[in-house]
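>>> Curious how this folds, go ahead:
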Amino acid sequence: MRSFPLAILGGNILPGYNTVTPTRVQLVSISYLKILSPTKVNEARFGFNRFTESFSPEDQSFDPKSIGLNNNVQGPQDFGLPFINIEQFSNNPNQDFPIASIGSTLSDPRGRVDTNWQFIDNFSWKLGSNDLKLGFEFRRTFVNGFFDAGYRGELNFATLEDFLQGNIDSGRSAEGDSRRGTFQNSYGAYLQDSLKLSRRFTLNLGLRYDYFGVINEEYGRFSDFEPSIGLVLEGTHGLNSLYHPDYNNFAPRIGFAWDVTGKSKTVLRADWGVFYDQFSQDFFVGQLPFNTFNPGPAYNAIGPSPILFSFTTAPKIVAGAPIFSDYSASDAFTVDQHLRTPYVQNFNLNLQQEIARNVIFEIGYVGSHGTKLFRYRDINQPPDPAVSTNRVYNNFPLTPQGGTFFYINQIETTADSNYNALQTSLTFRDFHGFSTSMNYTWSHSLDTASDGQDYVPNATQPDNSARPDQEYASSNFDVRHRFVWSASYDIPALDKDHQKLTGGWQVNGILTVRSGSPFNVTFFDDYNGSGEFFDRPDLVGNPYAGTHTPDDFLNLSAFQVPCTLDGSGTSASSCVPGTQHFGSLGRNSLIGPGYWDFDASLFKTVAVTEAVKLQFRAEIFNLFNHPTFASPLLPGFSVNAASGGINPATGRGEGFLPLVVTPDVGIGNPFLGGGGPRNIQLSLKLVF
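Have a look, this model is predicted:
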């Protein structure tokens, strides 16, 4: 049983509204090894694994109808308090009030059972100077899940007084049977040869082929969007499958290892290969987009299990009376019919040099290039909001249930990436009990989409869906510099007559230093007229024009709304028509704080018997209690340029954005992650 405290996309800062996550993993593996001859070996393996996990609000046993709150839930699966937000406090960061919302995250409840069957056969043949290997793999994956995102509903109240009186300002809800069963059959085969051309030179050649079957739904509940028709259910109107199969996944590989001098002191290695991606079914049945409730093309408002949405609430809560009404279709999720299998080319060149006995230096270039990577775009986004904010398919008839399109998110494989790195290491082993290693990496990762799902704004969906090429920038996970030094020393026994007391001591240390990762700044309103409500701003000043302390890490007045305000207010409704535009701040153009940490430990090992040892361990994390703060993205995974307010005359943000959490707390692991205060741990370990 796990949970997600501290408001990490699945919780709330208040007790009682966390997300509870029971998880179970089952594994079975059978292997049969047959030696056919001194030069031929065959291994057959069968595997089965099942992963069961669900995400439920901590208060799931609470039925809102028991207090007269009729939020349209159909059964216990969706019990729990709706997500309730008091706008007076959530929109005013200067208000000293500890609570802005109650209720668990809108993405709860959801759950899935992943079942995988796998068969692999590998054959090895030693043929002269050739080491031949060939094999075959079959994998069947079935995912049975549900995704009741937004079913408990969201209720917004303008003020605390409105909340106490039950006067609703706005809200939203979803309904329908979200149970889906998706499956995929995949095949792979490979041929590999390790050819020893001489005592000093080995050449590796290989070719792999993969066919990843088209993902299907057991009752044909996938659907696609055709502009001339609207939503089309799989199996109708010529839509035989969600996307066309890709049969072109041939992946060659080549590499070599060369002992340059023949003395095993200087070794040069190089490799290049193509690797196709067995992509996740979550892209089709588990999206968490920023712009819509709809979590994927299995949940459109069409077919035997349509998912419908309501944005209409009663003006006031009345005991037992329905809060939400007018459920209909509003948004669509579709898939590019020409979806292709993503692939990455990996390549490296590495030189390893023995400088002295037990002293090794390595330097290498490592690179990769990703092609046809996953992303989604809103293909109904207006291409030029300054000219018109109307959507192309707006008011288009959607289904017999009625409704109109607003967002049409399309999953496609049009993103790309590249990574280049200089990697160096110096290793010093066992000099009178002392060993040490130093590693330094300079790298730069760039892409047009850092994920296939938009957990962070602009990770997947472009700011301007008509120009996704403009998203090319540092990856969300880019770290330009990283240095790690580790050392270990076996302290010699000071008194040989008292070996058990003075012997067996070891001291260890590890230093980690790295630069920060990129992040975006966003205005969560429709200033640019795109209708997405996560606008990137115009950059009009120095973002770091503060004292460079955690209290004023980011100068919010450097960011301006991407429109001209008419002076009547600071919301997007005050934008002068025709001035909306996409902001000038590039994706991931800001860098978060770096990381510095030194951990140390002291071990004492006592031999109880020849085969049994007892080890005492004293471990100190962040020995020097160095303060390290997380990216301003954490813990909410977004940076709001209006968190200090907006100047109505200039349209600029106001004040400074502070850093509020350490990395361990920001990602929800206060005892497992790094960056926390000094922590001392004492333990005993029995080794036998």
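
>>> make it CA atoms for all contacts and neighbour counts henceforth
OK.

>>> Low-confidence bits of the chain, can you list those?
The chain contains residues with pLDDT under 70 at 1-14, 89-100, 393-403, 497-500, 667-673.

>>> can you tell me which strand in it is longest?
strand 408-431 (DSSP state E).

>>> wait, residue 420 sits on residue 445?
Yes. Counting by C-alpha atoms under 8 Å, residue 420 does reach residue 445; the two are 6.6 Å apart.

>>> Just want to know which of these two has more residues nearby.
residue 445 (21 against 17; other C-alpha atoms under 10 Å).

>>> What sits closest to that one if chain neighbours are left out?
Distances taken as C-alpha to C-alpha, 6 or more residues apart in numbering put residue 419 closest to residue 445, at 4.4 Å, once the chain neighbours are dropped.

>>> So what's the residue count around the one you found?
Residue 419 has 18 nearby residues by other C-alpha under 10 Å.

>>> Where does residue 353 sit, in terms of helix or strand?
strand 343-356 (DSSP states H and E).

>>> what about the strands in the stretch 1-150 of the chain?
For the stretch 1-150 of the chain, applying DSSP state E, counting those that start in this stretch gives strands covering 2-4, 19-21, 23-37, 40-57, 83-86, 101-102, 110-127, 130-147.

>>> And those strands: which comes nearest residue 311?
strand 83-86 (14.2 Å; C-alpha to C-alpha).

>>> Partner strands of the closest one and their direction?
strand 101-102 (antiparallel), strand 154-157 (parallel) (DSSP bridges).

>>> returning to that earlier point: now render the strands of the stretch 1-150 of the chain as JSON lines, adding mean neighbour count and distance to residue 635.
Below are those laid out as JSON lines (neighbours: other C-alpha atoms under 10 Å; distance: least, C-alpha to C-alpha, whole Å):
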{"stretch": "strand 2-4", "mean neighbour count": "16", "distance to residue 635": "12"}
{"stretch": "strand 19-21", "mean neighbour count": "23", "distance to residue 635": "15"}
{"stretch": "strand 23-37", "mean neighbour count": "11", "distance to residue 635": "23"}
{"stretch": "strand 40-57", "mean neighbour count": "18", "distance to residue 635": "19"}
{"stretch": "strand 83-86", "mean neighbour count": "21", "distance to residue 635": "18"}
{"stretch": "strand 101-102", "mean neighbour count": "20", "distance to residue 635": "15"}
{"stretch": "strand 110-127", "mean neighbour count": "18", "distance to residue 635": "21"}
{"stretch": "strand 130-147", "mean neighbour count": "19", "distance to residue 635": "24"}
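
>>> need these in CSV with distance to residue 619, can you?
Shown next, in CSV, are these (distance: least, C-alpha to C-alpha, whole Å):
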stretch, distance to residue 619
strand 2-4, 26
strand 19-21, 30
strand 23-37, 30
strand 40-57, 33
strand 83-86, 42
strand 101-102, 39
strand 110-127, 38
strand 130-147, 42
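
>>> Out of the ones you listed, the one nearest residue 357 is which?
Proximity to residue 357, assessed across these by C-alpha to C-alpha, is greatest for strand 130-147 (31.6 Å).

>>> partner strands of the closest one, parallel or antiparallel?
In its sheet, and by DSSP bridges, strand 130-147 pairs with strand 110-127 (antiparallel), strand 180-196 (antiparallel).

>>> Confirm for me that residue 404 is in contact with residue 329.
Yes. Taking contacts as C-alpha under 8 Å, residue 404 lies within contact range of residue 329: 6.7 Å.

>>> okay, these two: which has more neighbours?
Legend: neighbour count by other C-alpha under 10 Å for residue 404 and residue 329, higher for residue 329 (26 against 17).

>>> Which residues does that one form beta bridges with?
residue 403.

>>> what's the distance between it and residue 559?
36 Å (C-alpha to C-alpha, to the nearest Å).

>>> Quick check: the gap between residue 291 and residue 570.
In terms of C-alpha to C-alpha, residue 291 sits 21 Å off from residue 570.

>>> Wait, a strand at residue 369?
Yes. Counting by DSSP: H, G, I helix; E, B strand; the rest coil, residue 369 is found in a strand.

>>> Please name the residues that touch it.
Residue 369 sits next to 344-346, 416-419 when contact means C-alpha atoms under 8 Å, 6 or more residues apart in numbering.

>>> rerun at 10 Å
Going by C-alpha atoms under 10 Å, 6 or more residues apart in numbering, residue 369 touches 274, 343-347, 416-420, 445-447.

>>> neighbour-wise, which of these leads?
That'd be residue 447 among the contacts of residue 369, by other C-alpha under 10 Å, with 24 neighbours.

>>> In this structure it contacts residue 374, no?
No. Counting by C-alpha atoms under 10 Å, residue 447 does not reach residue 374; the two are 11.3 Å apart.

>>> Residues that sit against both of the two, list them.
415-416.

>>> So for the helix or strand hosting residue 682, what gets flagged as buried?
Residue 682 belongs to strand 679-687 when assigned by DSSP H and E. By neighbour count with 16 or more other C-alpha atoms under 10 Å, strand 679-687 contains no buried residues.

>>> Identify the contacts common to residue 420 and residue 445.
367-369.

>>> what's the closest of the residues you listed to residue 154?
residue 369 (41.9 Å).

>>> so how far is residue 205 from the closest one?
Distance from residue 369 to residue 205, by C-alpha to C-alpha: 20 Å.

>>> Ok, residue 24 next?
Taken as C-alpha to C-alpha, the span from residue 24 to residue 205 is 40 Å.

>>> Which strand residues bridge residue 173?
Residue 173 has these beta-bridge partners by DSSP bridges: residue 310.
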